[in-house]
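Colleague: coords below, sequence missing:
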């Protein structure tokens, strides 16, 4: 009988191997994710087990629920437990980090939270994948699907939630760094528990010069967007998920908004975190709260949006338009001074009115299509399409001016041959005049010049 000589599946064997590395090397490229980058996952070895047993024997009260205990007390107990092992300093530091990750952090996913080069962390059953430089790469195996479930339980419990089949879809923010976590219960996922983590890397917050250096857009496009927001045009940043829309919104907002302005942001998970002195950040928990959820204090983005109309804002920024709040956003833009921003998942800017019409019928709002078109053409000034190419590079592909007659004029376009954002049009005289009249800093067009300085 012939013996199967094929190599074992690198995940199922629990070995931290990237099965695509040899293909990268054969092609003459260095693998994007080396095994040393994020560090090994939390070990199941004897030293860790012994320390956890010691903590259970000597600090049972803290170990009953370490995440709800005083952090300093838990850290002191961990230090005491590790010291009892009489290890060398380097080994003691590594073991301490592992125990802290297990009890207070993200468990085996903690190394990837710490790695600023990793932008997404994804778990499917027992397998962990990460996004690095815009490309998804296999990272490590947790050993079994059950360990994947325990990781989901750990993440949820850390935020005071319970991983249970009665609530199969969970969406929350990791309070230690603001990363966005989505969990699908394994009862709804035949492939095993699905965990998707959109990281917020506090180590390196991208600002406008960073995005310019990365080639995400040209200096001319950046200057126009900053001037447009400073001059109170309404802008929607569109594109597929993970294209970098939020990063662009944040970078432009930080440059265009004055510190004296009152800014309100609305998101379902906190991602923008603008460093502005007068910022009111609001979070909506659910899309359409039930009576029971409302009784517990849950509110939707639409609830929050309607309340903001009574909150005397100068600027209103919404994280994403995907529910009934999208129509409220456009409607509010009809009566506001302008300078509103949001994002939306769109394949092309021309689909904005169609997407709003679809949302209207999905939520039984039944806006006529021609009315939605008139609202869009009368309130939205610019659409900025942001996309990610096959190599993982993120960049603007189009900056479009929405004309009053419904036509759309391209001002900037991505040229795939030159790999640059190129100027192809000029902002209309009417909107240039609006910017000049509504920029609160004297000489509003001077701000446009400062961006490229």
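Modeller: Received, thanks. Computed from a predicted model, the values in this text were never measured in an experiment.
Colleague: Wait, residue 84 touches residue 55, no?
Modeller: No. Applying CB atoms under 8 Å as the test, residue 84 and residue 55 come out as separate, 10.0 Å apart. Quick note: C-beta positions are derived from backbone N, CA and C, even for glycine.
Colleague: Pick out whichever of those two has more residues nearby.
Modeller: Between residue 84 and residue 55, residue 55 has the larger neighbour count (other CB atoms under 10 Å), namely 22 against 13.
Colleague: quick one: contacts for the more buried one?
Modeller: Counting by CB atoms under 8 Å, 6 or more residues apart in numbering, residue 55 touches 62-63, 77-78, 81, 99.
Colleague: I'd guess it is in a helix, am I close?
Modeller: Yes. Counting by DSSP: H, G, I helix; E, B strand; the rest coil, residue 55 falls inside a helix.
Colleague: rewinding a little: please, a ChimeraX command that selects the buried ones among the contacts of residue 55?
Modeller: The ChimeraX selection below is limited to those of those classed as buried (16 or more other CB atoms under 10 Å):
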select :62,63,77,78,81,99
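Colleague: I'd like to know which of the contacts of residue 55 is nearest to residue 394.
Modeller: Closest to residue 394 out of the contacts of residue 55 is residue 99 (37.1 Å), distances taken as CB to CB.
Colleague: And the helices in the stretch 101-250 of the chain?
Modeller: Per DSSP state H, counting those that start in this stretch, the stretch 101-250 of the chain carries helices over the ranges 110-114, 145-158, 208-213, 219-230, 245-256.
Colleague: Dump those into CSV; add distance to residue 352 and mean pLDDT as well.
Modeller: Shown next, in CSV, are the helices of the stretch 101-250 of the chain (distance: least, CB to CB, whole Å; pLDDT from 0 to 100):
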stretch, distance to residue 352, mean pLDDT
helix 110-114, 35, 86
helix 145-158, 35, 89
helix 208-213, 23, 88
helix 219-230, 17, 95
helix 245-256, 14, 92
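Colleague: quick one on the thing from earlier: farthest pair in the contacts of residue 55?
Modeller: Most distant of the contacts of residue 55, by CB to CB, are 62 and 99, 12.2 Å apart.
Colleague: ok, back up a step: mark which of the contacts of residue 55 are part of helices, please.
Modeller: 62-63, 77-78, 81, 99 (DSSP state H).
Colleague: Find the centremost residue of the protein, please.
Modeller: By CA atoms, centre = their mean, the chain has its centre lying nearest to residue 198, at 4.7 Å.
Colleague: tell me the contacts of that one?
Modeller: Applying CB under 8 Å, 6+ apart, the residues contacting residue 198 are 119-120, 179-181, 242, 271.
Colleague: Most neighbours among those, which one is it?
Modeller: Going by other CB under 10 Å, residue 181 tops the contacts of residue 198 with 24 neighbours.
Colleague: Of the helices of the stretch 101-250 of the chain, which is nearest residue 377?
Modeller: Residue 377 lies closest, by CB to CB, to one member of those: helix 219-230, at 17.0 Å.
Colleague: all strands in the stretch 1-150 of the chain, in order from the N-terminus.
Modeller: 118-124, 127-132, 135-141 (DSSP state E, counting those that start in this stretch).
Colleague: Just name whatever secondary elements the shortest one is in contact with.
Modeller: Helices and strands touching strand 127-132, by 3 or more CB pairs under 8 Å, 6 or more residues apart in numbering; DSSP states H and E, are strand 118-124, strand 135-141.
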